[in-house]
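S.K.: could you work out the structure for the sequence below:
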Amino acid sequence: MSAGVLGLEPLLSYAYAPRLGIYRRFLHVEREAMTLPEGSVREELLRTLRRAKAELDLPGLGLGQGLLEELLSRCDPSGLALACAWASRGQKPFNLIATDFDETLRFRRETEAEVPPETVGILRALLDRFPQLVLVANTARSLEHARGLLVQLLGAGRANTSRVMVIYEGGAGIFIPGRGRHSRIPLYRELPQAVLGVLAQVRARLPAACLVGMDCPCWDYSLQADEFNLSLKPNYPAGSPEAVRIAHRLVEVLLDTLGEVVAQAEGLPLPEARRAARKQLLGEAPGDPPPPHVPLLEALRLLHYPGDAAVLTAQGLDKGKGLERGIEALGLKEPWVLALGDGGQDLPMFEAVARHRWGLPACPEGAHPEVVSWVRAQGGILYPPGRADRVLQAAYALGLCGQA
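M.R.: As a prediction, the model looks like this:
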């Protein structure tokens, strides 16, 4: 596919968009004709309408009447326009959709915490209609949180099958339902013992460190019940002034606690260990001389989401490696992926898809600037915030093309 992003709205000016409207009107007239009394007038009208519909196939799709009518019942003009553009470029149907939650599937300012019903409906329809399709929730959330949300979105029957995989805590682990004791694949257990030991010690010290180091009551923040990552979050709406202030302070406490553990492990003075942690994980270290370089810290990552969270995790665990290992675990020989994301943590997933030539990236127009730039450069899809359903509708239409 050539470079150049496929935005949805400009596609509506293509020649097939007016044809779609005409086709819908034909269907309406045909339904009305069926209510007429039986006889030559009705039969002649129906023959004329069916002949006209056959001559008005949507360009590039090559679908028969039955599949076209199914398509029109599931997709709005934007989704169909994108599907036509894909089909005209020889795009093949996807067999895996990997998506983040949060701002990828919803627009918080319009829908609060809810995924729009249009997006929920097309996700369910995709799983019901295409038995070869796998849905991957590639998320920074804990496994329990992600599983609960999937059950809420898809229903327990769909969410509890091996066709709905979870990559949780930003690549720390994989969960594939229905495989018994092999369902959960904790990738973090493959890390060096020294790294696991440092994170275990930081976890053990954090509750007391927060009580001492935070300048607010303990109910203003929480240590998340993650399986591996150390995640601290303000108990205020994301992005609010209170959340921004508390999240910033949580970063300080997390770094100070890590500095204590590193000082003990490396035999360094505590102030120097804390400065080293700040330098290597945040890229800043006030004061002279420069702090010592600590190799152990090279294996760690600090993720600061202003006004939302502070997360300490390990290098080598990310959404891209999680997707690679997940596809390996599923046994997919020829994956063709539609990857949706919005934040910096989703970039490794997009990079993995591009590196293996596995498919296409997509993101909302208001995504992180680096994500938008990547999607543009890769010839991916930008969609309006909260309208992931349009891209998913196009995936549905493309799936029908594969059955034509």
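
S.K.: let me see the ranges of the helices in the stretch 151-300 of the chain.
M.R.: Taking DSSP state H, counting those that start in this stretch, the helices of the stretch 151-300 of the chain run over residues 156-159, 193-213, 241-266, 270-282.

S.K.: likewise for the stretch 301-404 of the chain?
M.R.: Using DSSP H, counting those that start in this stretch, helices in the stretch 301-404 of the chain cover 319-330, 347-355, 369-377, 388-403.

S.K.: most neighbours per residue, which of those helices?
M.R.: helix 388-403 (a mean of 24; mean count of other CB atoms under 10 Å). All C-beta atoms are positioned from the backbone trio N, CA, C, and that covers glycine.

S.K.: just the C-alpha atoms of that one, please, in PDB.
M.R.: What follows is helix 388-403, C-alpha atoms only, in PDB (Å, rounded to 0.1, in the frame of the first residue of the first chain):
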ATOM      1  CA  ALA A 388     -13.700   3.500  15.800                       C
ATOM      2  CA  ASP A 389     -16.900   1.800  14.600                       C
ATOM      3  CA  ARG A 390     -16.200   3.300  11.100                       C
ATOM      4  CA  VAL A 391     -12.900   1.400  10.700                       C
ATOM      5  CA  LEU A 392     -14.400  -1.800  12.200                       C
ATOM      6  CA  GLN A 393     -17.300  -1.500   9.800                       C
ATOM      7  CA  ALA A 394     -14.800  -1.400   6.900                       C
ATOM      8  CA  ALA A 395     -13.200  -4.500   8.300                       C
ATOM      9  CA  TYR A 396     -16.600  -6.200   8.400                       C
ATOM     10  CA  ALA A 397     -17.200  -5.200   4.700                       C
ATOM     11  CA  LEU A 398     -13.800  -6.500   3.700                       C
ATOM     12  CA  GLY A 399     -14.600  -9.800   5.400                       C
ATOM     13  CA  LEU A 400     -17.700 -10.100   3.300                       C
ATOM     14  CA  CYS A 401     -15.600  -9.400   0.200                       C
ATOM     15  CA  GLY A 402     -13.600 -12.500   1.200                       C
ATOM     16  CA  GLN A 403     -16.700 -14.600   1.100                       C
END
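
S.K.: which strands and helices sit next to that helix?
M.R.: Identification of packing neighbours for helix 388-403 by 3 or more CB pairs under 8 Å, 6 or more residues apart in numbering; DSSP states H and E yields helix 65-74, helix 77-88, strand 96-99, helix 117-129, strand 337-340, strand 359-364, strand 381-383.

S.K.: so which of these is nearest H248?
M.R.: Among the helices and strands packed on helix 388-403, strand 359-364 comes nearest to H248, with 26.1 Å by CB to CB.

S.K.: tell me what the closest one is packed against?
M.R.: Here strand 359-364 touches strand 337-340, helix 347-355, helix 369-377, strand 381-383, helix 388-403, going by 3+ CB pairs under 8 Å, 6+ apart.

S.K.: any chance of the backbone angles for the closest residue to G178 other than its chain neighbours?
M.R.: Once flanking residues are discounted, G178 sits nearest to S162: 4.4 Å by CB to CB, 6 or more residues apart in numbering. Main-chain torsions, S162, degrees, to the nearest 10: phi -70, psi 0.

S.K.: residues in contact with S162?
M.R.: 176-179, 330 (CB atoms under 8 Å, 6 or more residues apart in numbering).

S.K.: could you do V261 as well?
M.R.: Contacts of V261 by CB under 8 Å, 6+ apart are 198, 201-202, 205.

S.K.: domain parsing for this protein?
M.R.: For the chain, the structural domains run 8-74, 96-183+320-403, 192-314, going by automatic domain parsing.

S.K.: per-residue confidence at the residue nearest to G178?
M.R.: pLDDT, S162: 93.

S.K.: next: A54.
M.R.: In this model, A54 carries a pLDDT of 58.

S.K.: same thing with the one 5 residues further on?
M.R.: According to the predicted model, the pLDDT of P59 comes to 50.

S.K.: what is the burial count for the nearest residue to G402 once chain neighbours are set aside?
M.R.: Sequence neighbours aside, P93 is the residue nearest to G402 in space, at 3.8 Å (criterion: CB to CB, 6+ apart). Applying other CB atoms under 10 Å, we find 20 other residues in the vicinity of P93.

S.K.: before we move on, what about M34?
M.R.: The local packing of M34 (other CB under 10 Å) involves 10 other residues.

S.K.: got it, and Q152?
M.R.: Q152 has 13 neighbours, counted by other CB under 10 Å.

S.K.: and stretch 353-362, which residues are buried?
M.R.: The neighbour-count check on stretch 353-362 (16 or more other CB atoms under 10 Å) flags 353-354, 358-362 as buried.

S.K.: quick one, what contacts L297?
M.R.: 262, 276-277, 280-281.
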